[in-house]
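Asks: Let's see this in three dimensions:
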Amino acid sequence: MHEDFSRRTLLGLTLAAAPSLAVASATPAASAARPAAPATPAGALPAPPNWAARPFALDQVRLEKGVFSRKRDLMLEYLRDYPADRILAVFRANAGLDTRGAEPPGGWETADGNLRGHYAGHFVTCVAQAYAGGAGDSHREKLDYLVAALGECQDALAAREGPDRPSHPGYLAAYPEDQFVLLESYTTYPTIWAPWYTCHKIMRGLLDAHTLAGNEQALDIVTRMGEWAHSRLSVLPREQLDRMWSLYIAGEYGGMNEVMADLHALTGRREFLDTARCFDNTRLIEDTAAGRDTLTGIHANQHIPQFLGYTRVFDQDPARAHYLVAARNFWSMVVDSRLYSIGGTGKGEKFTARDAIAGTLGEDNAETCATYNMLKLTRSLFLHEPDAAHMDYYERGLFNQILGSRADRRSTSEPLVTYFIGQGPGVRRQFGNTGTCCGGTGMENHTKYQESVYFRSADDRALYVNLYLASTLHWAERGLVIRQRTRFPEEPGSTLTVEGGGELDIRLRVPAWAANGFTVEINGVVQDVPAAPGTYVSLTRHWSDGDVIGVSMPFALRVERTPDDPAVQSLFYGPVLLVVRDPADTFREFSFYRDFTMRGDLADAVRPAGAPLHFTTHGRTLAPFHLGDDGPFHAYFKRSEPVIAFRGADSGVPNRAREDGVTFLDRLWGGAPFGDHAEFRRAVRAAGDEWRGLGLLSGAELRRVTAAADRARLSG
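Replies: Next up is the predicted model:
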């Protein structure tokens with residue numbers, strides 16, 4: 001969400017001063033005025049007809065044992081044991097109700113904080129997701145207790161008399177309505193902090209309590225909130241709305257357009273869809289729909305969820321096709337040119353210029369909230385256009401930044417998630433974030449890992465297997481169970497077992513990084529199927545109970561170069577970002593080419609270190625980014641290949657680059673592997689002739705290079 005130096009300082013002071021009062025959750029009590037929640041989930045939102053793919057509900061996919069379930073279980077413990085009354089304290093205080101001795105959580109969630117109430121919305125969503133994912137009755141009881149208490153606060157506010165009475169009985173917040181009034185007169189941050197953002201978190205949490213856990217009271221509360229939002233915004237002219245939403249932070253509204261569109265989908269009430277359109281950021285929609293990139297310098301997480309909302313408005317009103325075009329273009333503007341290796345974006349919460357990666361590395365990159373919302377937007381775009389490229393990005397963000405954003409240690413007092421994840425040399429992850437925006441989205445991240453593993457086609461004739469993640473899909477409508485067993489990403493493959501049967505096209509994603517092959521077996525028989533990286537393999541057949549699909553996709557080491565400085569690179573092993581374990585605050589410099597054999601593989605220079613996904617090079621340890629510790633790391637290193645040198649032979653000739661940044665050695669080893677030494681020498685000569693023609697090698701230098709190639713020892 002939003003951040004600056006003074007607020008980071010305030011956050012640290014607030015967390016340090018936050019009381020450690022352990023207030024026990026009260027026993028859930030049913031409100032006399034509201035019905036008890038049904039025992040079964042209500043299921044997902046209705047799927048609009050324009051979706052080409054459709055999701056499975058969280059309760060249809062179960063995580064199995066692995067790295068993801070271990071992270072999830074840490075969050076489930078926090079959710080179970082954190083006192084519900086602390087989450088509710090700010091709401092009860094605002095409504096004039098007994099806070100039951102509970103102190104607010106802290107961080108930005110304080111008795112007088114201008115963002116108070118947002119954390120409760122995230123917490124409700126998180127508990128609802130946990131319950132839908134099979135967490136059990138204790139989480140359901142906590143969810144029902146939270147919803148019932150929020151209903152009591154809404155009722156108390158509606159019954160209030162005098163000048164503090166809300167403008168509509170549906171109002172629910174943890175502060176008076178004056179923040180919304182001030183925004184309408186263009187009051188700026190920090191006098192007010194994003195009141196509609198906070199409203200979105202509360203409404204989203206209540207909608208999730210209904211759609212994921214079947215809590216009917218939550219739908220009643222959020223419907224009344226929607227009525228209040230409509231009454232507040234429907235009377236404002238477009239010019240006023242546009243100016244409000246253009247305000248930095250004060251006008252941030254999260255995904256209010258998404259929530260209102262979802263409320264319309266659930267209730268059929270047109271005024272809610274009209275209210276969703278009140279949140280149009282008119283200028284930005286027009287720019288992105290036309291392909292104009294005006295993102296540089298704007299608040300990243302203020303705008304990413306807006307585009308998710310536009311896809312949901314389009315779902316309810318297909319005549320607004322430019323909304324989907326805008327969302328698609330926006331996604332490309334971020335993913336194609338503003339992405340760090342872990343899948344995150346932004347410097348100091350703002351979008352960088354296009355391709356400004358190496359020049360922006362520091363301590364305040366990749367706000368976790370932004371990646372959370374980019375994954376939500378990606379998922380929505382996949383529903384409309386099931387393209388493997390969407391899931392290639394999703395995998396990058398999920399398996400690296402999101403998985404690595406939760407500490408690998410227990411806590412029942414704080415969520416232990418990240419805010420920024422710096423990408424500069426020697427940075428450390430800072431875990432905690434009770435009461436912040438990333439603390440809220442960070443909780444949610446780790447209770448919904450399974451939501452995009454599988455999708456189905458709109459006609460139910462195809463199943464997309466998007467992620468290789470230990471899980472079980474229960475597809476009751478087709479009488480199918482798909483059990484996926486894998487230690488991925490610690491092993492380069494997966495096994496899927498079919499229970500049930502029938503005609504079905506199973507589409508397996510071939511990751512874009514799978515350049516070393518992608519092999520599919522059915523019941524032990526290798527299948528002759530096209531498997532180009534960045535596509536899907538289609539297996540269409542009549543499946544029988546017990547059929548087994550084996551997938552193998554050998555991992556390979558690869559570098560990714562930053563566009564603004566090709567010498568600044570990151571190192572991957574399959575989908576996993578490897579980081580250098582080193583406390584130095586300057587780039588580590590690595591040379592790889594002088595270790596290459598005929599195969600021209602980075603594995604000649606980067607060696608396995610024993611533990612899964614651990615390597616060594618140049619005497620330093622490389623480890624997977626997703627390990628959640630606070631040790632110093634380098635996500636990027638500096639590639640140093642100053643001279644043309646081969647294994648066992650150094651020419652002493654500078655390794656000069658063409659105008660596009662490609663060096664002689666880049667050009668040479670791009671043609672590997674080589675069948676024998678003669679083929680290698682011919683490749684050296686061809687590259688040398690090209691470099692000499694460009695004026696990058698003299699005749700004498702070329703002779704020294706070819707002589708070194710003759711002496712090189714490239715076998716073994």
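Asks: Only alpha carbons, please: show the helix ranked longest in the chain as PDB.
Replies: Longest helix in the chain, counting residues (DSSP state H): helix 137-158. What follows is helix 137-158, C-alpha atoms only, in PDB (Å, rounded to 0.1, in the frame of the first residue of the first chain):
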ATOM      1  CA  ASP A 137     -13.900 -26.200  13.300                       C
ATOM      2  CA  SER A 138     -11.800 -23.900  15.400                       C
ATOM      3  CA  HIS A 139     -11.200 -21.600  12.500                       C
ATOM      4  CA  ARG A 140     -14.900 -21.700  11.600                       C
ATOM      5  CA  GLU A 141     -15.900 -20.800  15.100                       C
ATOM      6  CA  LYS A 142     -13.500 -17.800  15.000                       C
ATOM      7  CA  LEU A 143     -14.900 -16.700  11.700                       C
ATOM      8  CA  ASP A 144     -18.500 -16.800  12.900                       C
ATOM      9  CA  TYR A 145     -17.500 -14.900  16.000                       C
ATOM     10  CA  LEU A 146     -15.800 -12.200  14.000                       C
ATOM     11  CA  VAL A 147     -18.700 -11.800  11.600                       C
ATOM     12  CA  ALA A 148     -21.300 -11.700  14.400                       C
ATOM     13  CA  ALA A 149     -19.300  -9.000  16.200                       C
ATOM     14  CA  LEU A 150     -19.000  -6.900  13.100                       C
ATOM     15  CA  GLY A 151     -22.800  -7.200  12.700                       C
ATOM     16  CA  GLU A 152     -23.300  -5.900  16.200                       C
ATOM     17  CA  CYS A 153     -21.000  -2.900  15.500                       C
ATOM     18  CA  GLN A 154     -23.000  -2.100  12.300                       C
ATOM     19  CA  ASP A 155     -26.200  -2.300  14.200                       C
ATOM     20  CA  ALA A 156     -24.900  -0.100  17.000                       C
ATOM     21  CA  LEU A 157     -23.700   2.600  14.600                       C
ATOM     22  CA  ALA A 158     -27.100   2.500  12.800                       C
END
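Asks: Give the other helices and strands that it contacts.
Replies: helix 67-81, helix 84-95, helix 118-132, helix 195-213, helix 216-233 (3 or more Cβ pairs under 8 Å, 6 or more residues apart in numbering; DSSP states H and E). (Each C-beta comes from the backbone N, C-alpha and C, glycine too.)
Asks: let's see it at 6 Å
Replies: Packing partners of helix 137-158 (3 or more Cβ pairs under 6 Å, 6 or more residues apart in numbering; DSSP states H and E): helix 84-95, helix 118-132, helix 195-213, helix 216-233.
Asks: Helices of the stretch 551-700 of the chain, start to end?
Replies: 664-669, 677-693, 699-711 (DSSP state H, counting those that start in this stretch).
Asks: Out of those, which is the most enclosed?
Replies: Neighbour counts (mean count of other Cβ atoms under 10 Å) averaged over each of the helices of the stretch 551-700 of the chain peak at helix 664-669, with a mean of 21.
Asks: What mean pLDDT does that one get?
Replies: The pLDDT scores in helix 664-669 average 98.
Asks: what's the spacing between residue 451 and residue 133?
Replies: In this view, residue 451 and residue 133 are 9 Å apart by Cβ to Cβ, to the nearest Å.
Asks: sorry, back to before: save the helices of the stretch 551-700 of the chain as TSV, and put in distance to residue 169 too.
Replies: TSV is the format used below for the helices of the stretch 551-700 of the chain (distance: least, Cβ to Cβ, whole Å):
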stretch	distance to residue 169
helix 664-669	67
helix 677-693	76
helix 699-711	81
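Asks: closest one to residue 110 among these?
Replies: Nearest to residue 110 among those is helix 664-669; the distance by Cβ to Cβ comes to 53.9 Å.
Asks: Need the residues that contact the closest one.
Replies: With contacts defined as Cβ atoms under 6 Å, 6 or more residues apart in numbering, helix 664-669 is touched by 593, 600, 641, 644, 655, 683, 687, 691.
Asks: the domain parsing of the chain - what is it?
Replies: 1-32+69-278, 454-552, 641-716 (automatic domain parsing).
Asks: Number of residues surrounding the closest residue to residue 278 other than its chain neighbours?
Replies: Distances taken as Cβ to Cβ, 6 or more residues apart in numbering place residue 233 nearest to residue 278, at 4.2 Å, with adjacent residues excluded. By other Cβ atoms under 10 Å, 22 other residues sit near residue 233.
Asks: coming back round to it: which among the helices of the stretch 551-700 of the chain is found nearest to residue 68?
Replies: Evaluated over the helices of the stretch 551-700 of the chain, closeness to residue 68 peaks at helix 664-669, with 35.7 Å, by Cβ to Cβ.
Asks: and the angle from the longest helix of the chain to helix 67-81?
Replies: Counting by axes from the mean of the first three to the mean of the last three Cα atoms, to 10 degrees, helix 137-158 points 50 degrees away from the direction of helix 67-81.
Asks: So which bits of helix 137-158 are buried?
Replies: Across helix 137-158, burial judged by 16 or more other Cβ atoms under 10 Å covers 138-158.
Asks: between the contacts of helix 664-669, which is nearest residue 524?
Replies: For those, the minimum distance to residue 524 (Cβ to Cβ) is 33.2 Å, reached by residue 600.
Asks: Quick one: neighbours of that closest one, just the number.
Replies: Counted with other Cβ under 10 Å, the neighbours of residue 600 add up to 18.
Asks: Residue 494: what's it in contact with?
Replies: The contact partners of residue 494, by Cβ under 6 Å, 6+ apart, come to 468, 484, 486, 488, 551.
Asks: next one: residue 205
Replies: Shown in contact with residue 205 (Cβ under 6 Å, 6+ apart): 121, 124, 125.
Asks: what's the pLDDT at it?
Replies: For residue 205, the pLDDT comes out at 98.
Asks: Disregarding flanking residues, what is the spatial nearest neighbour of it?
Replies: Of all residues not flanking residue 205 in the chain, residue 124 sits nearest, at 3.3 Å (Cβ to Cβ, 6+ apart).
Asks: correct me, but that neighbour touches residue 145?
Replies: No: look at residue 124 against residue 145 with Cβ atoms under 6 Å: they stay out of range, at 10.5 Å.
Asks: quick revisit: hmm, which two among the contacts of helix 664-669 are most spread apart?
Replies: By the measure Cβ to Cβ, 600 and 691 form the most distant pair in the contacts of helix 664-669, at 18.1 Å.
Asks: ok, back up a step: the longest helix of the chain vs helix 216-233, what angle?
Replies: Per the same axes, to 10 degrees, the angle that helix 137-158 makes with helix 216-233 is 40 degrees.
Asks: Please report how far residue 600 lies from residue 678.
Replies: The gap separating residue 600 from residue 678 is 16 Å, by Cβ to Cβ.
Asks: Ignoring the adjacent residues along the chain, who's closest to residue 563?
Replies: residue 355 (3.9 Å).
Asks: Check residue 507 and give its pLDDT.
Replies: 98.
Asks: Also the one 4 residues further on?
Replies: With respect to pLDDT, residue 511 scores 98.
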